[in-house]
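# Following is a predicted model, sequence given first.
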Amino acid sequence: MALLTRIKGPRDLDRLSPDQLVELAGEIRAFLVEAVSKTGGHLGPNLGVVELTLALHRVFESPRDRILFDTGHQSYVHKLLTGRQDFSRLRAKGGLSGYPSRAESEHDVIENSHASTVLGWADGLAKANQVTGRTDRHVVAVIGDGALTGGMAWEALNNIAAAKDRPLVIVVNDNERSYAPTIGGLANHLATLRTTDGYERFLARTKEVLERTPLIGQPLYETLHGAKKGLKDFIAPQGMFEDLGLKYVGPIDGHDLEAVESALQRAKGFGGPVIVHCLTEKGRGYRPAEQDEADRFHAVPLIHPDTGLPVSAAGADWTSVFGEEMVRIGKEREDVVAITAAMLQPVGLERFADAFPERVYDVGIAEQHAAVSAAGLATGGLHPVVAVYATFLNRAFDQVLMDVALHKCGVTFVLDRAGVTGTDGASHNGMWDMSILQVVPGLRIAAPRDADQLRAQLREAVEVDDAPTVVRYSKGAVGPAVEAVGRIGGMDVLRRPAGPAAQDGADAGAGPRADVLLVSVGALAPMCLEVADLLDAQGISSTVVDPRWVKPVDTALPGLAAEHRVVVTVEDNGRAGGVGSAVSQALRDAGVDVPLRDFGIPQKFLDHATRKEVMAEIGLTAPDIARQVTGLVSRLEGRYDDEPAGVARD
């Protein structure tokens with residue numbers, strides 16, 4: 001790593017010879033494999049952009065020139081070249097973020113790691129440069145071919161192309177895949193471009209020959225250049241970009257550093273919007289990644305660097321439980337189809353796709369389209385299951401509301417990575433879904449507590465054919481089954497208060513009256529049972545219920561709450577407008593005047609750390625909750641003690 005350790009900032013690259021740059025690229029790849037194998041993270045995307053990132057920082061002068069990365073999971077090389085070479089705590093608390101981070105460096109601009117947004121950012125920054133007269137700087141947006149499937153990218157392109165004299169360089173990092181291979185009409189267009197010689201290369205060779213021809217050479221070249229549109233379409237069908245008014249350069253071998261630098265220099269000097277189309281190989285230089293057809297090691301856990309194999313075998317996780325049950329449902333019901341937004345493997349639909357390839361639709365990174373298309377599928381007599389990360393459903397809220405719910409379409413949305421996800425940082429925590437979806441009329445939300453409930457509630461969801469349903473679950477390993485000891489309305493009773501009367505009316509309700517009603521949401525059931533144990537040790541009795549379906553609030557809940565002195569809700573979702581708020585409103589509507597304390601995620605963007613560390617930081621642990629509930633009960637005791645004689649407590 002002799003060269004890499006000498007790179008403290010982008011301008012250190014200027015002193016390197018072509019041979020040294022090739023050597024540095026090799027060092028960077030070796031560093032990435034060694035470092036990321038110890039921490040986990042996005043390996044494949046970064047191995048694919050080494051030369052491209054070197055060229056970007058040699059041609060442009062960050063941070064004066066703004067280099068923007070769409071999604072940002074390919075920014076590790078950028079971090080190395082901007083002075084951040086301690087990857088020992090990558091994605092861990094106190095260490096480097098797995099995405100660009102303004103807190104880390106002035107070279108980082110966009111922290112949002114949701115795809116297809118970079119061109120909108122670039123458009124705005126370029127306009128700001130123009131309005132403020134900053135003509136000495138450039139804006140460069142790096143976007144993958146997968147992210148170009150998102151509608152926002154094309155909305156931005158339409159605006160970018162409208163200003164012919166506004167400098168803006170768009171680098172299309174074309175590796176044929178986002179997670180999985182990129183699909184759709186755009187992918188086919190880019191594939192056609194990949195298989196032809198680039199127009200710019202052809203024109204340069206022609207110019208060289210003609211300029212050596214006396215008298216007629218230059219006029220012929222100018223005529224040829226004037227007819228370039230027809231020539232381009234003959235050599236490589238680039239009309240899609242040029243019809244928008246965008247200068248097109250490429251396709252360029254993204255691993256030929258000299259070629260990439262040359263293309264970027266030409267784009268830099270053009271004076272208007274330019275697309276530079278670079279062909280790269282995801283996972284390049286690391287054989288295990290190159291041989292991984294699924295996603296070229298897009299994201300890896302801890303692995304053995306020599307083999308690429310996981311350090312430890314992973315146990316059953318929520319995603320795999322969903323995937324297995326989907327296959328079972330698919331065998332029983334031919335009307336069930338699946339939709340993914342370029343994340344077939346990450347959301348667990350790979351097995352379903354293998355079993356029923358004609359019943360899976362990958363729409364690309366286009367969650368809005370996924371929701372509307374699902375409404376059409378439902379209207380056509382099918383039951384679509386749309387599987388996305390919880391944080392990404394935010395992008396399709398209007399379509400869920402106005403296309404699916406308004407039309408009473410039977411669509412099931414399955415939200416993976418709900419709640420605190422941890423290491424991927426603020427934009428990946430699935431902490432908004434149960435809040436924003438509360439306002440959707442008719443929509444129902446299921447929050448399974450364990451694998452058995454996930455299977456059961458997924459089946460319940462796909463039985464609903466006149467309204468949208470949502471099934472949401474956590475990231476990572478699924479815990480042991482949490483058995484119910486009774487049922488009240490549609491709610492499972494997980495614990496009754498201890499005591500000799502506990503068996504009285506066991507089949508009908510929660511048993512004897514308790515001090516606290518704990519309403520446990522989803523995977524937090526084990527923690528809520530731990531809270532109940534801690535309260536019991538303080539002489540505070542409790543009932544623990546799992547509503548199973550948290551929207552709408554179960555009609556039996558207000559009556560049950562009235563039988564307790566305090567109601568406590570615990571959810572892995574933002575407190576504002578979440579399940580706790582909905583329960584509180586239901587109690588008010590029912591005239592039940594019982595103190596309620598809601599525990600959940602505070603409404604702030606959470607730094608990257610492990611899920612356990614984040615939960616401890618925000619106070620969403622059993623000891624923290626038990627301590628606060630004990631204090632609340634104690635204050636109620638004091639209030640009762642101050643009441644005049646003859647005033648009933650109950």
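That came through fine. All values reported here derive from a predicted model rather than from experimental measurement. Numbering: from 1, shown residues only.
# got a list of what residue 111 touches?
72, 97, 99, 100, 101, 102, 425, 426, 427 (CB atoms under 8 Å, 6 or more residues apart in numbering). Placement of C-beta: from N, CA and C, glycine included.
# do residue 601 as well
419, 420, 429, 431, 572, 573, 574, 575, 618, 620.
# just the buried members of the contacts of residue 111?
Buried subset of the contacts of residue 111 (neighbour count, 16 or more other CB atoms under 10 Å): 72, 97, 99, 100, 101, 425, 426, 427.
# and of those residues, the nearest to residue 567?
residue 426 (30.4 Å; CB to CB).
# which residues sit in contact with that closest one?
111, 605, 606, 607, 608.
# taking the residues you listed one by one, which sit in helices?
Within the contacts of residue 426, no residue falls in helices by DSSP state H.
# Among the residues you listed, which one lies nearest to residue 295?
Nearest to residue 295 among these, with distances taken as CB to CB, is residue 608, at 21.5 Å.
# Could you tell me how many residues sit around the closest one?
Residue 608: 25 surrounding residues under other CB atoms under 10 Å.
# for residue 402, same thing?
Residue 402: 14 neighbours (other CB under 10 Å).
# same thing with residue 22?
14.
# so it touches residue 257, yeah?
Yes: in this structure residue 22 lies within contact range of residue 257 using CB atoms under 8 Å: 7.2 Å.
# Let me know the helix or strand that residue 492 is in.
strand 491-495 (DSSP states H and E).
# From the contact counts, what lies against that strand?
strand 486-488, helix 525-537, strand 542-546 (3 or more CB pairs under 8 Å, 6 or more residues apart in numbering; DSSP states H and E).
# Now the longest helix seen in the chain: average pLDDT?
Counting residues, the longest helix found in the chain (DSSP H) is helix 18-39. On average, the pLDDT along helix 18-39 is 93.
# Rounded mean pLDDT for the helix or strand following that helix, please.
Where DSSP H and E defines the elements, the next helix or strand beyond helix 18-39 is helix 44-47. When pLDDT is averaged over helix 44-47, the result is 91.
# how far does helix 44-47 sit from the chain's center?
Helix 44-47 has its C-alpha centroid displaced from the chain centroid by 18 Å (CA atoms, centre = their mean, to the nearest Å).
# List the buried residues in that helix.
Of the residues in helix 44-47, 44, 45, 46, 47 count as buried by neighbour count, 16+ other CB under 10 Å.
# what do you get for stretch 449-465?
Buried, per 16+ other CB under 10 Å, within stretch 449-465: 449, 450, 451, 453, 454, 455, 457, 458, 460, 461, 462, 464.
# Please work out how many residues are found near residue 293.
Using other CB under 10 Å, residue 293 is surrounded by 9 other residues.
# should've said residue 164
Neighbour tally, residue 164, other CB under 10 Å: 11.
# wait, what's in contact with it?
Contacts of residue 164 by CB under 8 Å, 6+ apart are 245, 272, 273.
# Look at it and report its pLDDT.
84.
# next one: residue 629
According to the model, residue 629 carries a pLDDT of 94.
# quick one: it and residue 516 touch, right?
Yes: in this structure residue 629 lies within contact range of residue 516 using CB under 8 Å: 6.1 Å.
# could you pull out the strands for the stretch 351-500 of the chain?
Ranges of strands in the stretch 351-500 of the chain, per DSSP state E, counting those that start in this stretch, are 360-362, 383-389, 412-416, 444-446, 469-472, 486-488, 491-495.
# so which of those comes closest to residue 581?
Per CB to CB, nearest to residue 581 of those: strand 444-446, 13.4 Å.
# Identify all contacting residues around the closest one.
433-434, 437, 457-458, 460-461, 464, 467-472, 548-552.
# Where does pLDDT dip in the stretch 201-350 of the chain?
201-243, 313-314 (pLDDT under 70).
# can you do 50?
202-203, 220-221, 223-237 (pLDDT under 50).
# repeat for the stretch 351-500 of the chain
Residues of the stretch 351-500 of the chain meeting the criterion pLDDT under 50: 500.
# before we move on, what about the stretch 1-150 of the chain?
For the stretch 1-150 of the chain, not a single residue meets the criterion pLDDT under 50.
# What residues does the nearest residue to residue 318 once chain neighbours are set aside make contact with?
In this structure, residue 318 finds its nearest non-sequential neighbour in residue 473, 4.3 Å apart by CB to CB, 6 or more residues apart in numbering. Contacts for residue 473 (CB under 8 Å, 6+ apart) come out as 318, 322, 415, 416, 418, 447, 448, 454, 522, 523.
# among those, who's most crowded?
residue 447 (32 neighbours).
# so who does it touch?
418, 434, 472-473, 521-523, 547-550, 571, 579.
# Tell me how many other residues crowd residue 131.
8.
# Okay, buried residues for the strand or helix carrying residue 631 please.
Assigned by DSSP H and E, residue 631 falls within helix 622-641. For helix 622-641, burial by neighbour count (16+ other CB under 10 Å) applies to 622, 625, 626, 627, 629, 630, 632, 633.
# What of stretch 586-600?
For stretch 586-600, by 16+ other CB under 10 Å, it's 586, 587, 592, 596, 597, 598, 599, 600.
# That'll do, ta.
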